[in-house]
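K.L.:
Could you work out the structure for the sequence below:
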Amino acid sequence: MRCLVVLIIICFKCNIVECLSTGRGSLDLNIKSTSEQYELVANQPLLMQIEAMETGIIIKVANLSTSITFIIFQIHSQRLTLTLSLTNTYNYESTVKGNNIGLIYRVATPGSAAMVYLNNTHNATVDVLLAAFTYTANDPIPGGCSLEFPQEEAPYLKLQYSHVLTTVDFQLANLGISKDCEDSVTKNSLEYDIYLYFLKQNELGAEEYFSSLIKLLSIDSIQKFGRKIHSLHHSEKTSLAFSSYPRKGAAYAVIVRDTTLKTSAAYVPILSYSCDVIEGSTNSCADIGDVVGTVVTFLIGLLGLFMCFFGHRFFKTEMFFVGFLAMLAVSLPLFELGTQLSNEDVIVTGILLGVLSGMIWILVWVCLGIPVVSLLLTGGVLGYLFASLIFFTPFGSLDSLRNGVSYSMVFMSIILFLTAFLLPLNKLLSIAATSLVGSYSFTVSIDQFTRGSLSYIVLNSIRHGYNHFVEAFVYTPFQTNEIVLSVVWGILSISGAVFQVYRERNRPPFPPPPYRTWRTYVQATRELENSSDEESHDQEREPLIQSRLPALLYGATVDAVTGERLLDARRQTL
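P.N.:
Sure thing, here's the model as predicted:
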């Protein structure tokens, strides 16, 4: 009996082993564990492909100098996440998963080889960029004082994005000769430089993705190709916010510097499009933009082109235009922040309120008829565009303006100053506003189809109504597309202003106020009717022949009524 039980157990174990080896049964064992090994050359990136469902890949670096104390291994994948680990057991503390990831390998024996393990758990071949950068004992350790990430030493960055903000987090570094992270020497010696690099516009392919990341792997290339945004000290937050631009790739890099030893090291860079490059996903880059917004932008662009050349001549249309734009700029952030409406509903609601606001502002002109009052909103819209343009330049990225009070005061001061300066020159204000704002509206309608960045001149100002956006670093890609459209905007603005000044040179500064014109017409009509009634009443009381009677009786030589010369009374009677 015991022999029978042992035989059954042996057979059961054999069946399990057979299932594991053949892939049959309820377990998903399509992942194939391999002992495939790739050897990297230190400090030189390598592009390669990893087969579907392939795990246990060994990434190795040999022939190391005896001065090397630690190595930063990093893996980059555009579409699918990968898993990197320091051990083949994939412990939580020694493993990281993502698209732009890295780990620090401590060299225990000088000159010995270093290796990490890589997994691809997706049923698809993945293009990856591998790199291993070596450092000595004098170099700072990126992420060496990790408190929030799972690893004790986390040299990578974490990124979260929305359609408005992108947040990048990293962990504080440690000195090369490991010290207490709370030690004052460690804190005071290290500084962090933040770099930003924009990819070519509308380039979502793997070639541009990997070529951009290669530019941000080493310290020298980061400083050469990246744009230095900010420098941090130990007392500042290591969570940084940036303005998001969907479909416009942005890569972020961090360099930690030891100011005492004059050495430095680079964190693992990270790249984002502020959308998902995988088609069909929830936040796919292919779904950016909506029909309602595109149609509205196109119609506003056509109206803007008309206003650029004929805005002052059609003054009531100008009043509607500025009233519509002012309400649209105010209502969009309010409804998106304070309600749960969808993007299309927010746009439709803003448009309806804009139309209502435009009609109300027409009534202000019709009823009051005072150009200075009606042009207050015109000056405000022009000032808003001018202030947004100033903050679109590097001036808007000053650290002193990255708080709500400073930003609001400077922004409003620009609007009020421009309005007060041009308001006495009311005709010039009207022409300047219609030509500049109108031409910008038309340029943005073109920018919408070319997926450029000129629309963010105003959108970034509107975004300051969102939570924490005022603390963000607002840097916008300005490439060939933006340069061409900026030239178009400038030419249209100057042409529209010159055309309107020439066309209105011999005309009154403003059209007659509609309400006063109507009142004058009504009064004149009443006076004309009253005078006609009085004349007809006087004529009815006069004798019909009194004007000729003296001529007949006294021989007048001129008829009092017709003015004809009479011969004499005797001949006339004959």
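
K.L.:
Phi and psi next, for residue 134.
P.N.:
Recorded main-chain torsions at residue 134 are phi -100, psi 150, according to degrees, to the nearest 10.

K.L.:
Which residues are in contact with it?
P.N.:
Listed by CB atoms under 8 Å, 6 or more residues apart in numbering, the contact partners of residue 134 are 42, 43, 61, 64, 65, 68, 70, 71. (C-beta placed from N, C-alpha, C; glycine too.)

K.L.:
just residue 61 next, same as before
P.N.:
With CB under 8 Å, 6+ apart as the criterion, the residues that contact residue 61 are 39, 40, 41, 42, 71, 73, 113, 114, 115, 132, 134.

K.L.:
Redo those residues as TSV? Include distance to residue 389 and pLDDT.
P.N.:
Formatted as TSV, the entries for the contacts of residue 61 read as follows, by distance: CB to CB, whole Å; pLDDT from 0 to 100:
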residue	distance to residue 389	pLDDT
39	53	87
40	48	89
41	48	89
42	48	89
71	47	94
73	45	95
113	57	88
114	52	91
115	54	91
132	46	94
134	47	94
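
K.L.:
Which ones among those residues lie within strands?
P.N.:
Restricting the contacts of residue 61 to those inside strands, with DSSP state E as the criterion, leaves 39, 40, 71, 73, 114, 115, 132, 134.

K.L.:
Give me the below-cutoff pLDDT ranges for the stretch 301-450 of the chain.
P.N.:
Along the stretch 301-450 of the chain, segments meeting pLDDT under 70 span 338.

K.L.:
now do the chain
P.N.:
Applying pLDDT under 70 to the chain picks out residues 1-35, 178, 279-283, 286-290, 338, 515-519, 521, 527, 529-574.

K.L.:
give me that answer again for 50
P.N.:
1-33, 547-563, 566-574 (pLDDT under 50).

K.L.:
coming back round to it: can you name the two of the contacts of residue 134 that sit furthest apart?
P.N.:
Greatest spatial distance in the contacts of residue 134: 43 and 70, 13.4 Å, computed using CB to CB.

K.L.:
Just want to know which of the two has more residues nearby.
P.N.:
residue 70 (23 against 13; other CB atoms under 10 Å).

K.L.:
how about the more buried one, what does it touch?
P.N.:
The contact partners of residue 70, by CB under 8 Å, 6+ apart, come to 104, 105, 106, 107, 134, 135, 141.

K.L.:
By neighbour count, sort out the buried ones in those residues.
P.N.:
Of all those considered here, the ones buried according to neighbour count by 16 or more other CB atoms under 10 Å are 104, 105, 107, 134, 135, 141.

K.L.:
The third one reaches residue 64, doesn't it?
P.N.:
Put plainly, it is residue 107. Yes - with contact defined as CB atoms under 8 Å, residue 107 counts as touching residue 64 (6.7 Å).

K.L.:
who touches both of these two?
P.N.:
Overlap of the contact sets of residue 107 and residue 64 (by CB under 8 Å, 6+ apart) consists of 71, 114.

K.L.:
Nearest to residue 128, out of the buried ones among the contacts of residue 70: which one, please.
P.N.:
Proximity of these to residue 128 (CB to CB) peaks at residue 105, which lies at 17.8 Å.

K.L.:
before we move on, back to that, I'd like the contacts of residue 134 as a markdown table, with distance to residue 259 appended.
P.N.:
Below are these laid out as a markdown table (distance: CB to CB, whole Å):
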| residue | distance to residue 259 |
| --- | --- |
| 42 | 26 |
| 43 | 24 |
| 61 | 29 |
| 64 | 28 |
| 65 | 25 |
| 68 | 23 |
| 70 | 20 |
| 71 | 24 |
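
K.L.:
Now the most centrally placed residue in the chain: closest residue in space that isn't a chain neighbour?
P.N.:
Centrality entry for the chain: nearest residue to the mean C-alpha point is residue 456, 4.4 Å, by CA atoms, centre = their mean. Counting by CB to CB, 6 or more residues apart in numbering, the nearest residue to residue 456 once its immediate chain neighbours are dropped is residue 476, at 5.2 Å.

K.L.:
Helix, strand, or coil at the one you found?
P.N.:
Secondary structure state of residue 476, per DSSP: H, G, I helix; E, B strand; the rest coil, is coil.

K.L.:
Next: the one 10 residues further on.
P.N.:
Reducing the assignment at residue 486 to three states with three-state DSSP gives helix.

K.L.:
how deep is it tucked in, by neighbour count?
P.N.:
Neighbours around residue 486, by other CB under 10 Å: 15.

K.L.:
Check the contacts of residue 70 against residue 372 and report the nearest one.
P.N.:
Lowest distance from residue 372 to the contacts of residue 70 (CB to CB) belongs to residue 141, with 65.4 Å.

K.L.:
Quick check: phi and psi at that closest one.
P.N.:
In this entry, residue 141 is assigned phi and psi values of phi -100, psi 110 (degrees, to the nearest 10).

K.L.:
what are the ranges of the helices in the stretch 301-450 of the chain?
P.N.:
315-338, 343-368, 371-392, 404-422, 426-450 (DSSP state H, counting those that start in this stretch).

K.L.:
Same question for stretch 66-77: list its buried residues.
P.N.:
By neighbour count, with 16+ other CB under 10 Å as the criterion, the buried positions of stretch 66-77 are 68, 69, 70, 71, 72, 73, 74, 75, 76, 77.

K.L.:
Next: stretch 209-225.
P.N.:
By neighbour count, with 16+ other CB under 10 Å as the criterion, the buried positions of stretch 209-225 are 209, 210, 212, 213, 214, 215, 216, 217, 218, 219, 222.

K.L.:
between those residues, which is closest to residue 433?
P.N.:
For the buried residues of stretch 209-225, the nearest to residue 433 is residue 212 (40.7 Å; CB to CB).

K.L.:
Let's verify the closest one: helix, strand, or coil?
P.N.:
Under three-state DSSP, the three-state class of residue 212 is helix.

K.L.:
That one and residue 251, how far apart?
P.N.:
Note on residue 212: its distance to residue 251, by CB to CB, to the nearest Å, is 5 Å.

K.L.:
list the residues that contact both of these two?
P.N.:
Any residue near both residue 212 and residue 251 by CB under 8 Å, 6+ apart counts here, and that gives 197, 199, 271.
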